[in-house]
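J.: Task: produce atomic coordinates for the following.
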Amino acid sequence: MSARGFIIGAPRSGAGKTSVTIGLLRAMRRRGLRVRGVKSGPDYIDPGFHAVACGAAGVNLDCWAMPPDYAQCLATSAAAGMDIVVIESAMGLFDGVAAPAGRSGAAADLARLLRLPVVLVLDVSGQSQTAAAVALGFANYDPGVRIGGVILNRVGSDRHRRLVTGAIERLGLPVLGSVPRDPTIALPERHLGLVQAREQADAEHSIERLADAMERYVDIAGLLDIAAPLAAGDGAACAALPPPGQRIAIADDAAFSFLYPHVASHWRDIGAELIPFSPLADQAPDTSCDACWLPGGYPELHGGSLAAAHNFKAGMRAFAAAKPVHGECGGYMVMGEGLEDASGAMHAMLGLLSHCTSFAHRRMNLGYRQARLLADGPLGQRDEVIRGHEFHYATVTSPGRDTPFAELADSQGAAIGPVGGRRGLVTGAFFHAIARGD
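T.: Okay, here's the model as predicted:
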């Protein structure tokens, strides 16, 4: 494997990691490099931007939700045929859950596992030489994590840049870039993060502007010099989620798009066919498929359109009468009887399960989850444990009358209780599956 790589990390969320990563991916692609973006941790949206920026499908790596040998196997696969792999950290570089060494889910786990250097993005707005103390802390915090260099973000002036750069470089850390404050290159956001690349008509223009900024303000040649070979792994994909069928109908549009790339790739690799359809275009699942999957997404923004999609609703009900249907998060919301949007309007959904959900009564649910399956189904066999996460603001306003889908626990194993629903061949929950537990 010839690919080299590095990790883009930061002290916290909001420091500018995603913008820097997207811009660097496109800038490196401009140079004729074969480059792939990787996201550390559970995130559906950033890998979509990575894919548009570099022309290669994104992938997620997570050392809590995945056994390390599986994460390393996926990293090796992602690096195949590439020159450079850029891994974007979630949250702060060392932010994870309390867990045995290497299993916290922090990007630092990947830095140790794959033996890659970290490029630290520092938002230096509101400080100057103090940024050097932050960089020094990162450089000394964990001897197994090497800080290869620093990119300054949101720099206020040339004087500001000189002050911060001089203080950091006196520590022996190279400053590889200095990006000024520029609100015109910010990407639009909403309640689950960035607005998806597929929903932005000017996404390509935004990515080009980010690449222009990286070309102008970042030492890309210096970044390539510090990149290191990924520590290869040859483990089998034993923790991969099984496909729910041979031919799988997948809802795929602006309301249903949260399917992890590593899940879809594994299904295809072992011979399954994924047949997309768009509920927002009033399409029903292909009747030749033997399972249907409704991923998460943003159905709460499209309640009226989904309620009026009569062909979609009739086709789903006919499909579910004979074949398995599973819904994750947003998909689970649509499988219920009703969905209340942010304005308080209630929209009739599929009624395949009996619960109702609301986006008007919001409460953030966020964290790693362990799901013990209560019956054989599309995610695995009864009593099998699947690792994944929840991230949603919707609430269940009526729990319905269905049998629970799984028993849920948090990252520490503390019981959360029964979740989701099961009725006949229909299953669903807010839980997003990532990999089989170990």
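
J.: Which secondary structure element of the protein has the lowest mean pLDDT?
T.: Using mean pLDDT, DSSP states H and E, strand 189-190 stands out as the lowest-scoring helix or strand of the chain, at a mean of 52.

J.: which SSE is the closest residue in space to V218 that isn't next to it in sequence in?
T.: Leaving out its chain neighbours, the residue that sits closest to V218 by CB to CB, 6 or more residues apart in numbering is G177, at 3.3 Å. Every residue, glycine included, has its C-beta placed from N, CA and C. When elements are assigned from DSSP states H and E, G177 belongs to strand 175-180.

J.: what sits up against that strand?
T.: The set of residues external to strand 175-180 that reach it, using CB atoms under 8 Å, 6 or more residues apart in numbering, is 16, 20, 119, 149-156, 161, 164-165, 168-169, 213-214, 217-219, 222-223, 226.

J.: Of these, grab the buried ones for PyMOL.
T.: Here is the PyMOL command that picks out the buried ones among the contacts of strand 175-180, judged by 16 or more other CB atoms under 10 Å:
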select buried, resi 16+20+119+149+150+151+152+153+154+155+161+164+165+168+213+214+217+218+219+223+226
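
J.: doesn't I250 fall inside a strand?
T.: Yes. If the criterion is DSSP: H, G, I helix; E, B strand; the rest coil, then I250 is within a strand.

J.: For it, give the beta-bridge partners.
T.: On DSSP bridges, the residues paired with I250 through beta bridges are P276, W293.

J.: could we number from 557 for the rest of this?
T.: Okay, residue one is now 557; in that scheme the one you just asked about reads as I806.

J.: Tell me the pLDDT of it.
T.: At I806, the pLDDT value in this model is 98.

J.: cool, T740 as well?
T.: The confidence metric pLDDT takes the value 74 at T740.

J.: got it, and L922?
T.: In this prediction, L922 carries a pLDDT score of 81.

J.: Run through the residues that contact it.
T.: Contact analysis of L922 by CB under 8 Å, 6+ apart lists H945, E946, F947.

J.: do the same with E940
T.: E940 is in contact with R928, L929, R992, G993, counting by CB under 8 Å, 6+ apart.

J.: pLDDT score assigned to it?
T.: If you check E940, the pLDDT there is 96.

J.: G561 too?
T.: Reported pLDDT at G561 in the predicted model: 97.

J.: So which other helices or strands are in contact with whichever strand or helix holds it?
T.: Counting by DSSP H and E, the element that carries G561 is strand 560-565. Using 3 or more CB pairs under 8 Å, 6 or more residues apart in numbering; DSSP states H and E as the contact test, the elements touching strand 560-565 are helix 573-586, strand 640-644, helix 663-670, strand 674-679, helix 776-782, strand 784-785.

J.: make it 6 Å
T.: Other elements packing on strand 560-565 under the criterion 3 or more CB pairs under 6 Å, 6 or more residues apart in numbering; DSSP states H and E are helix 573-586, strand 640-644, helix 663-670, strand 674-679.

J.: so where's the stretch 757-906 of the chain shaky on pLDDT?
T.: Judged by pLDDT under 70, the stretch 757-906 of the chain has its weakly predicted residues at 757, 790-793.

J.: which residues of it fall in helices?
T.: Under the criterion DSSP state H, counting those that start in this stretch, the stretch 757-906 of the chain contains helices at 759-773, 776-782, 817-825, 859-863, 866-876, 886-891.

J.: hmm, who's touching the fourth one?
T.: The set of residues that contact helix 859-863 without belonging to it, under CB atoms under 6 Å, 6 or more residues apart in numbering, is L836, P855, L895, D897, H903, A904.

J.: Can you turn the buried subset of the residues you listed into a selection I can paste into ChimeraX?
T.: Once 16+ other CB under 10 Å is used to decide burial, the buried members of the contacts of helix 859-863 can be selected in ChimeraX as follows:
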select :836,855,895,897,903
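
J.: Quick one: residues contacting the closest residue to K869 other than its chain neighbours.
T.: Using CB to CB, 6+ apart and skipping the chain neighbours, the partner closest in space to K869 is L906 (5.8 Å). When the contact criterion is CB under 6 Å, 6+ apart, the partners of L906 are K869, M872, V890, M891.
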